[in-house]
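Trainee: Quick one: sequence and predicted model below, then my questions.
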Amino acid sequence: MAEEYYTVDAEISATQLDKICYPLTLLTLTYLSVNVYYWDTIFQHDFSQLLVIVTNGFAIFPIIVARGIFLKTMLMGAMITSFWAHMQWEDFNVPGHGSGRWDNAFASAVITAYCASWWPDHLDCKCFSKSCAANTPRFVRNCFCSPPKHQNTCQLRLTF
Amino acid sequence: MGLQIVVTGIVFGTVLALYNTDNWNWFEVAGVSVSVVEFLIILFVLIALVGSLIYYCNGGKMIERMGRFIFYVLVGTFLGVYAFVSKRMDSDIPDATHSIWHVCIFISAYSISRAHSYVKWAKESY
């Protein structure tokens, strides 16, 4: 009988990523919320100094699944500037200055970009009388009075 | 699409301009000072939660798997709220509470992105 061969499917789906992401989150939050507070001061200090830098790595999970190149770029900016800022604040010799400003700016921008990605592109307001529809300018009707087709996510696609 | 870049740009510029200045803290609520950026972010989050979720969940016609969608939104919302609470926690180990902020806010973003993947788009706009 001829031997059969097959290729191993190594693609990672978002559901598989859940199985890594959520247990890791639960474990880290348990350590941070419970264990760390019961350790001796010297362990608490060193471990929390390490964790405040390392936990920035959790940004890799949303970077993988975030929709749109713009959101992914903002998340990468937030992760890199947060690594930079925390290393400076923990007295590592890291070049540059004003890291806190950039860290705050990227963190706020990421949250705003996420919120904006949920807003629909149109508001689908309805006129309750014919005179209202007739008196509403075409531009306003286009923006506010048509059903939404998608959200405000900047995909930055290179194909049209 | 343009709205996301414009709004994000405005917030980004506001933080860069006002960080560590006298205008950073805007007002106080029950003895807790609220900065301009915190106010803007909470406002945007509320608009996104109340406005768009009510719209997209209306009748379920734009959501592919409603059960999974609700699960990821609830996890994302819980972790997002816990992240903001952790910023206000009084602790002897501030680095530990700030690590909680990192984990919660990034996994909240992950959960919200997962929920986003269940929203249907019109074919011609995708």
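Mentor: Received the coordinates, thanks. Numbering: from 1, shown residues only, chains lettered A, B, ... in the order given.

Trainee: any chance you could map the helices in chain B?
Mentor: Along chain B, counting by DSSP state H, helices occupy B:2-18, B:36-46, B:53-57, B:66-87, B:94-116.

Trainee: how about the ones you listed, which one is nearest residue A:51?
Mentor: helix B:94-116 (4.4 Å; CB to CB). Bear in mind the C-beta positions are built from the backbone N, C-alpha and C, glycine included.

Trainee: residues of the closest one that come out buried?
Mentor: Residues B:95-116 are the ones in helix B:94-116 that count as buried (16 or more other CB atoms under 10 Å in any protein chain shown).

Trainee: what does stretch A:10-30 give?
Mentor: Buried-residue list, stretch A:10-30, by 16+ other CB under 10 Å: A:18, A:21, A:25, A:28, A:29.

Trainee: The fourth one is in contact with residue B:103, isn't it?
Mentor: The one in question is residue A:28. Yes: under the criterion of CB atoms under 8 Å, residue A:28 makes contact with residue B:103 at 5.3 Å.

Trainee: Find residues that contact each of the two.
Mentor: A:55, A:58 (CB atoms under 8 Å, 6 or more residues apart in numbering or on different chains).

Trainee: Keep only the buried residues of stretch A:10-30 that also lie close to chain B.
Mentor: A:18, A:21, A:25, A:28, A:29 (CB under 8 Å from any CB of the partner chain).

Trainee: Sticking with the third one, tell me its helix or strand.
Mentor: Think residue A:25. Per DSSP states H and E: residue A:25 is located in helix A:14-30.

Trainee: Now do the worst-scoring helix or strand of chain B on mean pLDDT: distance to the chain's middle.
Mentor: Sorting the helices and strands of chain B by mean pLDDT, DSSP states H and E puts helix B:53-57 at the bottom, at a mean of 70. Distance of helix B:53-57 from its chain centroid, counting by CA atoms, centre = their mean, to the nearest Å, is 16 Å.

Trainee: That helix near chain A anywhere?
Mentor: Yes: against chain A, helix B:53-57 shows contacts by CB under 8 Å from any CB at B:53, B:55, B:56.

Trainee: Mark which of those are buried, thanks.
Mentor: Buried subset of the residues of helix B:53-57 next to chain A (neighbour count, 16+ other CB under 10 Å): B:53, B:56.

Trainee: Let me know the closest of the residues of helix B:53-57 next to chain A to chain A.
Mentor: Proximity of the residues of helix B:53-57 next to chain A to chain A (CB to the nearest CB) peaks at residue B:55, which lies at 6.0 Å.

Trainee: Please name the nearest non-neighbouring residue to the residue nearest the centre of chain A.
Mentor: By CA atoms, centre = their mean, chain A has its centre lying nearest to residue A:62, at 4.5 Å. Nearest residue to residue A:62, sequence neighbours excluded (CB to CB, 6 or more residues apart in numbering or on different chains): residue B:109, at 3.9 Å.

Trainee: surely the one you found meets residue A:117?
Mentor: No: Residue B:109 is beyond contact range of residue A:117, at 10.7 Å (criterion: CB under 8 Å).

Trainee: what residues are shared contacts of those two?
Mentor: With CB under 8 Å, 6+ apart, residue B:109 and residue A:117 have no common neighbours.

Trainee: so where's the chain shaky on pLDDT?
Mentor: All of this refers to chain A. Where chain A drops to pLDDT under 70, the residues are A:121-128, A:142-160.

Trainee: Oops, wrong one, chain B.
Mentor: Scanning chain B residue by residue, the ranges that satisfy pLDDT under 70 are B:1, B:57-60, B:122-126.

Trainee: domains in it, as residue ranges please.
Mentor: As assigned by automatic domain parsing, chain B contains the domains B:1-58, B:59-126.

Trainee: follow-up on the earlier one: distance of the residue nearest to the centre of chain A relative to residue B:16?
Mentor: 23 Å (CB to CB, to the nearest Å).

Trainee: Same check on residue A:96?
Mentor: Taking CB to CB as the measure, residue A:96 falls 15 Å from residue B:16.

Trainee: Cool, thanks, talk later.
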